[in-house]
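Visitor: got a structure for you, letters missing:
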Ligand SMILES: NC(=O)c1ccc[n+]([C@@H]2O[C@H](COP(=O)([O-])OP(=O)(O)OC[C@H]3O[C@@H](n4cnc5c(N)ncnc54)[C@H](O)[C@@H]3O)[C@@H](O)[C@H]2O)c1
């Protein structure tokens with residue numbers, strides 16, 4: 001049975017969720033506060049780049065199953081289910097900023113005060129355990145004068161999609177988690193996912209909230225774990241890649257998220273781990289593993305600078321080429337990117353930085369601006385005059401670089417592989433001083 005859905009917040013998660021629900025026959029109204037986003041969506045264009053999304057959006061528009069609006073109240077009034085997919089950023093101290101969630105909850109509460117039908121409110125944003133019931137439910141009750149379970153339904157339905165694979169992840173999920181206050185709310189949300197073959201987990205809202213945080217924290221912890229092992233491998237003269245392969249073949253461990261490097265970044269892992277850690281401290285039960293995960297990740301980008309110093313010595317006056325600025329390949333997202341602390345440290349030590357990235361330069365310029373930082377579109381321009389290079393983001397085009405080209409273009413001969421994408425032997429053969437995270441120094 002097609003459902004009428006209002007999707008409040010049409011960013012990464014809201015747009016992908018809204019478009020995918022529409023592609024499965026539901027009627028979706030996307031709500032946002034940014035007029036250009038709303039216009040673009042109504043013209044059948046996606047404000048974000050995500051493979052497969054534009055085709056689905058265009059199709060949904062043609063079939064009249066998706067529209068976008070700035071008018072939240074009218075979208076809420078006509079919907080059976082109201083999804084909240086607004087941002088939940090970190091505050092300065094790492095704790096979660098729920099102001100967007102609160103604002104939307106007030107709007108929903110005021111709007112449903114005078115409606116007669118029973119609507120179900122679903123939190124899709126990543127929120128700290130307890131938020132759906134204690135914040136969203138409470139505000140809606142106060143504003144609407146209605147009781148949850150009687151006047152409106154309430155659920156939490158976390159999202160596990162990955163940027164760059166969002167549509168695929170949404171349409172073919174590993175699991176769907178629905179944390180509802182009662183079976184009626186659960187069944188309402190479940191009806192949206194009739195098409196899905198994945199297991200559906202019925203939980204409480206708080207459990208659903210924690211499942212999302214625990215999943216991200218576990219993956220982040222896996223990365224910090226292999227990075228710690230990598231730093232130790234360097235002392236032992238063994239290669240972390242061999243260790244990762246050796247443990248990853250154990251099906252209880254799996255090889256995923258076991259690539260050592262300059263640390264994790266992006267819009268989710270750092271903020272979610274910090275928010276859960278901060279919440280655990282507030283509750284007086286500090287999650288020590290999360291603190292360590294964050295500490296390791298804070299130090300890890302600087303490991304590339306340490307390797308550089310071991311080869312070059314004093315960095316003052318040296319020219320360092322940086323390959324890759326975005327937090328991961330295939331995105332221009334610079335949030336919490338490892339390139340930021342690396343470049344800041346190089347500048348602090350008196351180096352000159354020449355940086356490149358296939359698409360993230362405009363965003364990088366907003367964060368990293370200094371007379372000693374210069375940006376170039378072409379790799380060759382970055383390598384010219386460079387005493388050393390640090391590979392920070394593993395873009396495919398950097399994988400293809402030949403050591404002989406690097407050798408002929410660079411002034412110096414030091415290569416720091418911050419993501420372990422190159423073959424050390426090949427680089428050594430061409431007379432380059434190659435150092436990689438998790439690989440002991442080559443003995444001469
Ligand atoms: N991006 C991811 O990969 C991902 C994955 C899973 C979960 N999440 C979580 O989902 C939530 C949303 O993340 P996102 O990446 O989609 O954020 P986003 O910044 O891409 O999008 C949020 C959208 O909400 C809009 N908005 C803000 N206030 C609004 C309001 N009052 N009314 C209507 N719209 C409003 C913004 O204009 C923006 O378009 C966060 O809690 C995030 O942690 C994100």
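Guide: That came through, no problem. All figures in this text were calculated on a predicted structure; none of them were measured in a lab.

Visitor: The chain: strands as residue ranges?
Guide: Chain-ordered strands for the chain, with DSSP state E as the definition, fall at 4-8, 27-31, 66-69, 81-84, 119-123, 152-156, 176-180, 200-203, 319-323, 352-356, 373-375, 388-391, 414-417, 433-436.

Visitor: Let's have those strands in a markdown table, adding distance to residue 48.
Guide: Just so you know, the C-beta spots here come from the backbone N, C-alpha and C atoms, and that holds for glycine as well. Compiled in a markdown table, the strands of the chain are given as follows (distance: least, CB to CB, whole Å):
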| stretch | distance to residue 48 |
| --- | --- |
| strand 4-8 | 14 |
| strand 27-31 | 13 |
| strand 66-69 | 13 |
| strand 81-84 | 17 |
| strand 119-123 | 21 |
| strand 152-156 | 24 |
| strand 176-180 | 23 |
| strand 200-203 | 27 |
| strand 319-323 | 25 |
| strand 352-356 | 23 |
| strand 373-375 | 23 |
| strand 388-391 | 27 |
| strand 414-417 | 30 |
| strand 433-436 | 33 |
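
Visitor: Same list, those strands, but as CSV with distance to residue 131 and mean pLDDT please.
Guide: Converted to CSV, the strands of the chain look like this (distance: least, CB to CB, whole Å; pLDDT from 0 to 100):
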stretch, distance to residue 131, mean pLDDT
strand 4-8, 15, 98
strand 27-31, 20, 98
strand 66-69, 26, 98
strand 81-84, 10, 98
strand 119-123, 7, 98
strand 152-156, 8, 98
strand 176-180, 11, 98
strand 200-203, 15, 98
strand 319-323, 39, 98
strand 352-356, 39, 98
strand 373-375, 40, 98
strand 388-391, 39, 98
strand 414-417, 41, 98
strand 433-436, 42, 97
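
Visitor: Tabulate those (CSV), appending distance to residue 43 and mean neighbour count.
Guide: Putting the strands of the chain into CSV (distance: least, CB to CB, whole Å; neighbours: other CB atoms under 10 Å) gives the following:
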stretch, distance to residue 43, mean neighbour count
strand 4-8, 18, 26
strand 27-31, 13, 26
strand 66-69, 10, 22
strand 81-84, 23, 27
strand 119-123, 27, 28
strand 152-156, 32, 27
strand 176-180, 31, 24
strand 200-203, 35, 15
strand 319-323, 37, 27
strand 352-356, 33, 23
strand 373-375, 32, 18
strand 388-391, 39, 27
strand 414-417, 43, 26
strand 433-436, 46, 24
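
Visitor: Can you convert the ones you listed into a markdown table and add a column each for distance to the ligand?
Guide: Rendered in a markdown table, the data for the strands of the chain read as follows (distance: least, CB to the nearest ligand atom, whole Å):
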| stretch | distance to the ligand |
| --- | --- |
| strand 4-8 | 5 |
| strand 27-31 | 5 |
| strand 66-69 | 10 |
| strand 81-84 | 9 |
| strand 119-123 | 9 |
| strand 152-156 | 12 |
| strand 176-180 | 12 |
| strand 200-203 | 16 |
| strand 319-323 | 25 |
| strand 352-356 | 25 |
| strand 373-375 | 25 |
| strand 388-391 | 24 |
| strand 414-417 | 27 |
| strand 433-436 | 29 |
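
Visitor: between those strands, which gets nearest to residue 255?
Guide: strand 433-436 (18.1 Å; CB to CB).

Visitor: Give the burial count for the closest residue to the ligand within the chain, as a bare number.
Guide: Sorted by distance to the ligand under CB to the nearest ligand atom, the residues of the chain start with residue 11, at 1.6 Å. Here the neighbour count serves as a burial measure; for residue 11 (other CB atoms under 10 Å) it reads 17.

Visitor: That one against residue 48, yeah?
Guide: Yes. With contacts counted by CB atoms under 8 Å, residue 11 reaches residue 48, the gap being 7.4 Å.

Visitor: Residue 436: what's it in contact with?
Guide: Listed by CB atoms under 8 Å, 6 or more residues apart in numbering, the contact set of residue 436 reads 307, 416, 417, 418, 420, 422, 424.

Visitor: Compare those and tell me which has the most neighbours.
Guide: Neighbours here mean other CB under 10 Å. Within the contacts of residue 436, the largest count is held by residue 418, at 31 neighbours.

Visitor: and that one, what is it in contact with?
Guide: For residue 418, the set of contacting residues under the criterion of CB under 8 Å, 6+ apart consists of 261, 262, 301, 304, 338, 342, 390, 391, 392, 436, 437.

Visitor: Kindly indicate which of the contacts of residue 436 lies nearest residue 244.
Guide: Nearest to residue 244, judged by CB to CB, of these is residue 420 at 9.5 Å.

Visitor: How much space separates that closest one from residue 264?
Guide: Counting by CB to CB, to the nearest Å, the gap between residue 420 and residue 264 amounts to 15 Å.

Visitor: got the buried residues for stretch 249-267?
Guide: If you call a residue buried by 16 or more other CB atoms under 10 Å, then stretch 249-267 has these buried ones: 257, 258, 259, 260, 261, 262, 263, 264, 265, 266, 267.

Visitor: Against the ligand, which of those make the cut? List them.
Guide: Checked against the ligand using CB under 6 Å from any ligand atom, the buried residues of stretch 249-267 give the following subset in range: residue 267.

Visitor: Including distance to residue 332 and pLDDT, could the buried residues of stretch 249-267 go into JSON lines?
Guide: Converted to JSON lines, those look like this (distance: CB to CB, whole Å; pLDDT from 0 to 100):
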{"residue": "257", "distance to residue 332": "23", "pLDDT": "97"}
{"residue": "258", "distance to residue 332": "26", "pLDDT": "98"}
{"residue": "259", "distance to residue 332": "22", "pLDDT": "97"}
{"residue": "260", "distance to residue 332": "25", "pLDDT": "98"}
{"residue": "261", "distance to residue 332": "19", "pLDDT": "98"}
{"residue": "262", "distance to residue 332": "18", "pLDDT": "98"}
{"residue": "263", "distance to residue 332": "19", "pLDDT": "98"}
{"residue": "264", "distance to residue 332": "17", "pLDDT": "98"}
{"residue": "265", "distance to residue 332": "13", "pLDDT": "96"}
{"residue": "266", "distance to residue 332": "12", "pLDDT": "92"}
{"residue": "267", "distance to residue 332": "12", "pLDDT": "87"}
